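# What follows is a predicted protein model with its sequence.
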Amino acid sequence: MSCPAPMYFRQGEYLGTYSNNALLVPSTTGEDNFGLDDYEPLYFYPLPNWVELGPFDVYLKFDVDDYQKDIFYFCHVRVDFVQATS
């Protein structure tokens, strides 16, 4: 349970069940849902609707002070654009 997985929140509410950050929600064991599966589908709403759905927040607890290597984060959340044809 030391994985620094990002934790996804919407409107101040945590969307997952996994927690490695007791400052946000009580720490858990045996959970693997950090909220992305609930957060990601909302990005397919039209952009103007995001204002009604937010705010959106992501928190990451990384408390290794002497880490000297690169950190890479990949997230497949994206916005697709479709061009209409006449």
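Nice, I can see it. All values reported here derive from a predicted model rather than from experimental measurement.

# From residue 58, how far off is residue 69?
Here the criterion is C-beta to C-beta, to the nearest Å. By it, residue 69 lies 22 Å from residue 58. (Each C-beta comes from the backbone N, C-alpha and C, glycine too.)

# would residue 57 count as being in a strand?
Yes: counting by DSSP: H, G, I helix; E, B strand; the rest coil, residue 57 is located in a strand.

# Compare neighbour counts for residue 69 and residue 58 and give me the winner.
Applying other C-beta atoms under 10 Å to residue 69 and residue 58 shows that residue 58 carries more neighbours, namely 14 against 5.

# so the more buried one sits right up against residue 7, yeah?
Yes: using C-beta atoms under 8 Å, residue 58 makes contact with residue 7 at a distance of 7.0 Å.

# residues in contact with the helix or strand of the chain with the lowest mean pLDDT?
Here the helix or strand of the chain ranked lowest by mean pLDDT, DSSP states H and E is helix 50-53, holding a mean of 82. Here helix 50-53 makes contact (C-beta atoms under 8 Å, 6 or more residues apart in numbering) with 10, 11, 42, 45, 56.
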